[in-house]
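[1] With the sequence up front, the predicted model follows.
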Amino acid sequence: GAVVSQHPSWVICKSGTSVKIECRSLDFQATTMFWYRQFPKQSLMLMATSNEGSKATYEQGVEKDKFLINHASLTLSTLTVTSAHPEDSSFYICSAPTSGSGSNEQFFGPGTRLTVL
Amino acid sequence: GNSVTQMEGPVTLSEEAFLTINCTYTATGYPSLFWYVQYPGEGLQLLLKATKADDKGSNKGFEATYRKETTSFHLEKGSVQVSDSAVYFCALISNTGFQKLVFGTGTRLLVSP
């Protein structure tokens, strides 16, 4: 099946710093990628939809200035958590459909665990 | 709006027991339905899916049947193993409008030897 990678797999940072998380589709092109956030023992919450060549679409309640998304190419989307604070500590997961937004199957990255001290 | 409801966990079973995890949904149109599994510290993996009514998805001994009349997609396995211990998420994508996955809250399964 299609493979989606994320980097880094975990990161620890100081409060006030920014952290960039990369999501790559390794063997297919993805014009759309999705970013989720998962709190311990909870479900995934969709944060935003990343669109190649255009602005991301954010879900209600997600601060676009805090969670910057850049879909630089057909295989790479990045999520930057700006001025991170301890409450931003979470598990961030990306996914990508294999045939643009028209596909009904998505492949997930392994996730990035962010800990903000 | 679209939503998915799963039974609360954790579900605790002995090895070789029968597993059922209930999932019901609310959606406009005819959604595609999925079960994802998440092992500790990992991302989600697609376990099985069904795209239309009466379809049965199956994989690794797990099965789920798309029941439109009861809006359900219950996950079953006849004999669980310790390695099946994980969190299971039921999800849907509506076939009307933009296709975003909607997840249930997840059900943790613990299988003991």
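    Everything's here; your move.

[2] okay, CA-based contacts and neighbour counts for the rest of this
    Fine.

[3] Quick check: buried residues in stretch B:40-57?
    Residues of stretch B:40-57 classed as buried: B:42-51, B:53, B:55-57 (neighbour count, 16 or more other Cα atoms under 10 Å in any protein chain shown).

[4] One more: stretch A:67-80?
    A:67, A:68, A:69, A:70, A:71, A:74, A:75, A:76, A:77, A:78, A:79, A:80.

[5] So which of those sit within helices?
    Taking DSSP state H, every one of the buried residues of stretch A:67-80 sits outside helices.

[6] Give the pairing partners of the helix or strand bottoming out on mean pLDDT in chain B; include direction for each.
    In chain B, the helix or strand scored least confidently by mean pLDDT, DSSP states H and E is strand B:101-103, which has a mean of 89. According to DSSP bridges, the neighbouring strands of strand B:101-103, each with its direction, are strand B:86-93 (antiparallel).

[7] For the strand it pairs with, give the mean pLDDT please.
    Mean pLDDT, computed over strand B:86-93, is 94.

[8] May I have it as PDB, with CA atoms only?
    As requested, C-alpha coordinates have been extracted for strand B:86-93 and formatted as PDB (Å, rounded to 0.1, in the frame of the first residue of the first chain):
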ATOM      1  CA  ALA B  86      -4.700  -1.900  20.300                       C
ATOM      2  CA  VAL B  87      -7.200   1.000  19.900                       C
ATOM      3  CA  TYR B  88      -9.800   0.500  17.200                       C
ATOM      4  CA  PHE B  89     -11.400   3.500  15.400                       C
ATOM      5  CA  CYS B  90     -14.500   3.400  13.400                       C
ATOM      6  CA  ALA B  91     -14.700   6.200  10.800                       C
ATOM      7  CA  LEU B  92     -16.700   7.400   7.800                       C
ATOM      8  CA  ILE B  93     -16.200   9.500   4.700                       C
END
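
[9] mind checking how far that strand is from the chain centre?
    5 Å (Cα atoms, centre = their mean, to the nearest Å).

[10] what's in contact with that strand?
    Strand B:86-93 is contacted by residues A:43, A:104, B:4, B:6, B:23, B:25, B:31-40, B:99-110 when judged by Cα atoms under 8 Å, 6 or more residues apart in numbering or on different chains.

[11] With stretch A:50-66 instead?
    Surrounding stretch A:50-66, the residues in contact under the criterion Cα under 8 Å, 6+ apart are A:30-35, A:46-49, A:69-74, A:77, A:80-83.

[12] where does chain B have low pLDDT?
    B:96-99 (pLDDT under 70).

[13] repeat that with 80
    In the predicted model, chain B carries pLDDT under 80 at residues B:41, B:94-100.

[14] Could you show which parts of it are in contact with chain A?
    If contact is defined as Cα under 8 Å from any Cα of the partner chain, the residues of chain B in contact with chain A are B:32, B:42-46, B:89, B:93, B:98-99, B:103-106.
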